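A.B. asks: the following block contains a protein sequence and its predicted model.
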Amino acid sequence: MSQNDPNNLPSALKRSRETMSGFGTGIPQLASAVKRPAIGTNSGPGGPRQSLAGGRLSMAPPARSGLPRSSSGGEQAPMSTVKRNSIRNSMAPPGSQGPSSQRRSSQFVGRPSNSQQNPASFMTVTKASLVKDSRPLKNPQFKQRLAAELHEFLIGNNFEMDMKYQLQPNAMMSPTQKDFYQVFQWLYKRFDPDYPFGQQKQEAEVIPCLNNLRYPYANTITKTQLTAVGSGNTWPTLLGALHWMMCLAEGTDDMLNGNFDYAAEEAGAQPFAPEKIVFTYIAKSYASFLDNNDDDAEHAEEMRRAFEARNEGVLAELAEYEEENQRLKKELEDLDESHQPLQKLLETRTVLSEDAKKFEVFIEANLLKINRQAETIDKIKQEVATVEKQLQQTEQEKQSLEAKVNAQGFTPADLDRINAEEERHRTALQQMAARLAGIHEKLITHETAAEEKLSQLEDAVSRYNALAYKIGIIPSTAPKAQGQDFEAQIIPLTRPVTPGVPRLLSESGYAPSQLLNLDLRNVVKPYLEVLKRDLTQENEAATDEAFRTADHIERITEALRDETDELETLEMMVRTTINEHQEVKDNRQRELNVANADHERMSAELREMRMQMKNGVIEAKQVSQESVVVYGKMCSGIDQYRTQLHENVVSIIKDIVSYKINIQQNLETFEMEVEDYVKKSEQ
């Protein structure tokens, strides 16, 4: 609800109006609602207008006297234009004010004093049991500290200027009778500025004043002690009383200045609570009422500005909450889209563990390959040694053959023929060696290609396992694996060489089923196609559900917008009703003015008739009595009609406020349901 209009505050003023309507708060009604005294009463037109309740009570703990306690202090932090003293009523009796005073005063009569000359106080004090003061007032250090704090408080708050009395530096350690009473009167007037000191003896005024302030140890002070203030046994007790009054004054000033607002904020109250603003408005209006000023337009304007400042703070806080809400929603979306950090780390740990196992398998396979290569190298070395032995044997055979040839006596032609035959065999041997080298090169090339293919196969298997883990088909306990093991692994190449089988035949290669543990074509691929089809259907269903949810939210938003429009219409009706109430109030005031004018005119005519009529005294008296009766009936009828109109307007406003509060509660409930539904939908 907007708070810009000062008249548009029914919900905030509801509690205060109920408080003033008959619950014994002690706060008088407004001047427009106070009945004027009828003719014939003791209070004439020129006398002071009387209030319906007492003034400001003490802020100390209330006594069990059954009196209604009221306070006009309130939070005075924003009331820089109103003096604090104008809000407090005097605790002196009404008779202390002169007959010419125009300030409203209380009709409440306090308890009578034991002395006939002592005016009655404004409250009744019950007899309390004798309470022992637990403070170490006899302790010199404690007494010196209290005296120093009291002296500093007096100097810092212009005591000497206010009382036109100068204190000695050690006045609070060894005071005179006048020092004590000057300080006591100055401290007490901070609570009751209009209290009439000096109507009785000084020692007879101290104890009632302390009882009025609810000093818990007032019964420990006697009049005998007050006659000897500077005594060593008396002064600590009186110093404790003065220090207590100083602390009470400081606490009162702090409360009026708003220094205790932090306690309300720590208790969960808002820093700009409507109750605080309304209480400030009531306190200022009550102060103006006591000063015979019924115009509260300035106070209403201050209250309107206070509500505007509160609205700005609430809007700023709402913007911060909305920004925080958007940020949290974004974080929630990010968390929904990605895995949780712990889950992500667990998945990473699982992948790394699987990679470690795979590397162990790869290392074992490479160790087997290294062992095979070492065996191959040993075999080649053995073959080289065998060839060298064969070469030596061949050389020996050659030498023996040459010796035999020489011994046999071959001819040069035979030798040439033998050499040519040898050359031909050597050439054939070289060709065979070249072919063998080419075959070895092709073998190395094929082995390199096979190793590359094996590495590619390992990479493909790793990618397959990673993707399968992401979509949730491995390990076998995954939700989409259905108990099957879809993790691909390379079978180690550990086929032994069979003795007696040629080497080329024993290393003729491996089939696909001998390299992988899964049948990718006949088992894995069909299962992945079925899984892809199911996920596509789930995605389409989720998309349709999201569209339906968005449509539902849009309908809810439209309904909420309609409720907001209806609320604005009701606020306009409330403002119209308040304007009508103001018009009725103005009309009532005009009628009252007309009635007063008629009364004055009739009084003038009555005086003229008394001057002119010399021979009709009896008839003139009868006419005068009839005029008085008619005027009394008119005043009574006007007052009754005015009271009835006031009650009707208050009843209408209460009904409207109750209806508006009901709508606000329903709207808040509806908003909470919408938020719960949105949260459930997002989950």
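C.D. replies: The structure has been received and is ready for your questions.

A.B. asks: which residue ranges make up each domain of the protein?
C.D. replies: If you go by automatic domain parsing, the domain ranges for the chain are 10-323, 341-518, 559-682.

A.B. asks: flag every buried residue along stretch 587-596.
C.D. replies: 588, 592 (16 or more other Cβ atoms under 10 Å). All C-beta atoms are positioned from the backbone trio N, CA, C, and that covers glycine.

A.B. asks: outside of that stretch, which residues touch it?
C.D. replies: Residues from elsewhere that reach stretch 587-596, judged by Cβ atoms under 8 Å, 6 or more residues apart in numbering: 32, 634-635, 638, 641-642, 645.

A.B. asks: pick the most buried one from the domains of the chain.
C.D. replies: Greatest average neighbour count among these goes to domain 10-323 (a mean of 16), per mean count of other Cβ atoms under 10 Å.

A.B. asks: among the contacts of stretch 587-596, which are in helices?
C.D. replies: Among these, DSSP state H puts 634-635, 638, 641-642, 645 in helices.

A.B. asks: how far does stretch 635-649 sit from the chain's center?
C.D. replies: Distance of stretch 635-649 from the chain centroid (Cα atoms, centre = their mean, to the nearest Å) equals 47 Å.

A.B. asks: got the CA coordinates for that stretch in CSV?
C.D. replies: Taking Å, rounded to 0.1, in the frame of the first residue of the first chain, the C-alpha atoms of stretch 635-649 are listed here in CSV:
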residue,chain,number,x,y,z
CYS,A,635,-26.3,21.6,22.3
SER,A,636,-27.1,18.1,23.5
GLY,A,637,-28.6,17.2,20.1
ILE,A,638,-25.6,18.6,18.2
ASP,A,639,-23.2,16.7,20.5
GLN,A,640,-25.1,13.5,20.1
TYR,A,641,-25.3,13.9,16.3
ARG,A,642,-21.6,14.7,16.1
THR,A,643,-20.6,11.7,18.3
GLN,A,644,-22.8,9.4,16.2
LEU,A,645,-21.3,10.7,13.0
HIS,A,646,-17.8,10.2,14.4
GLU,A,647,-18.6,6.6,15.5
ASN,A,648,-20.1,5.8,12.1
VAL,A,649,-17.0,7.1,10.2
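
A.B. asks: returning to what we had before: what is the nearest of the ones in helices among the contacts of stretch 587-596 to Thr227?
C.D. replies: Cys635 (55.9 Å; Cβ to Cβ).

A.B. asks: quick check, pLDDT for that closest one.
C.D. replies: pLDDT for Cys635: 90.

A.B. asks: for the helix or strand encompassing Leu467, packing partners?
C.D. replies: Leu467 belongs to helix 412-471 when elements are defined using DSSP states H and E. Under the contact definition 3 or more Cβ pairs under 8 Å, 6 or more residues apart in numbering; DSSP states H and E, helix 412-471 sits against helix 341-408.

A.B. asks: from the chain's centre, how far out does the helix it packs on sit?
C.D. replies: Distance of helix 341-408 from its chain centroid, counting by Cα atoms, centre = their mean, is 77 Å.

A.B. asks: do stretch 201-214 as well
C.D. replies: 48 Å.

A.B. asks: alpha carbons of it, as CSV, please.
C.D. replies: Extracted in CSV, the C-alpha atoms of stretch 201-214 (Å, rounded to 0.1, in the frame of the first residue of the first chain):
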residue,chain,number,x,y,z
LYS,A,201,9.8,22.7,53.1
GLN,A,202,12.7,21.4,51.0
GLU,A,203,13.1,18.2,53.0
ALA,A,204,9.4,17.5,52.6
GLU,A,205,9.6,17.7,48.8
VAL,A,206,12.5,15.2,48.2
ILE,A,207,10.9,12.0,49.3
PRO,A,208,7.5,12.4,47.4
CYS,A,209,9.5,13.4,44.2
LEU,A,210,11.6,10.3,44.5
ASN,A,211,8.5,8.2,44.9
ASN,A,212,7.0,9.8,41.8
LEU,A,213,10.1,8.7,39.9
ARG,A,214,9.8,5.2,41.3
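
A.B. asks: quick one: average confidence on that stretch?
C.D. replies: For stretch 201-214, mean pLDDT rounds to 90.

A.B. asks: between the contacts of stretch 587-596, which sits nearest Thr394?
C.D. replies: Nearest to Thr394 among the contacts of stretch 587-596: Ser32, at 143.8 Å, using Cβ to Cβ.

A.B. asks: show me what contacts the residue nearest to Ile155 when sequence neighbours are not counted?
C.D. replies: Nearest in space to Ile155, with sequence neighbours left out and distances taken as Cβ to Cβ, 6 or more residues apart in numbering, is Leu167 at 8.0 Å. Counting by Cβ under 8 Å, 6+ apart, Leu167 touches 151, 154-155, 159-160, 179, 183.

A.B. asks: those in helices, which ones?
C.D. replies: When DSSP H defines the helices, the subset of those inside them is 151, 154-155, 159-160, 179, 183.

A.B. asks: export the contacts of stretch 587-596 to a markdown table and tack on distance to Leu567?
C.D. replies: Shown next, in a markdown table, are those (distance: Cβ to Cβ, whole Å):
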| residue | distance to Leu567 |
| --- | --- |
| Ser32 | 31 |
| Met634 | 45 |
| Cys635 | 44 |
| Ile638 | 39 |
| Tyr641 | 35 |
| Arg642 | 33 |
| Leu645 | 28 |
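
A.B. asks: need phi/psi at the residue lying farthest from the centre of the chain.
C.D. replies: Ranked by distance from the centre of the chain (Cα atoms, centre = their mean), the top residue is Gly409, with 125.1 Å. Taking degrees, to the nearest 10, you get phi 80, psi 50 for the backbone angles of Gly409.

A.B. asks: Asp291 too?
C.D. replies: Reported as degrees, to the nearest 10, the phi and psi values for Asp291 are phi -90, psi 20.

A.B. asks: ok so, going back, widest-spaced pair of the ones in helices among the contacts of Leu167?
C.D. replies: Farthest-apart pair in those is Ile155 and Asp179; separation 13.7 Å (Cβ to Cβ).

A.B. asks: quick one, helices of the stretch 451-600 of the chain?
C.D. replies: Listed in chain order, the helices of the stretch 451-600 of the chain (DSSP state H, counting those that start in this stretch) span 503-506, 512-515, 525-612.

A.B. asks: ok so, going back, among the contacts of stretch 587-596, which one sits closest to Leu606?
C.D. replies: Looking across those and measuring by Cβ to Cβ, the closest to Leu606 is Met634, at 15.1 Å.
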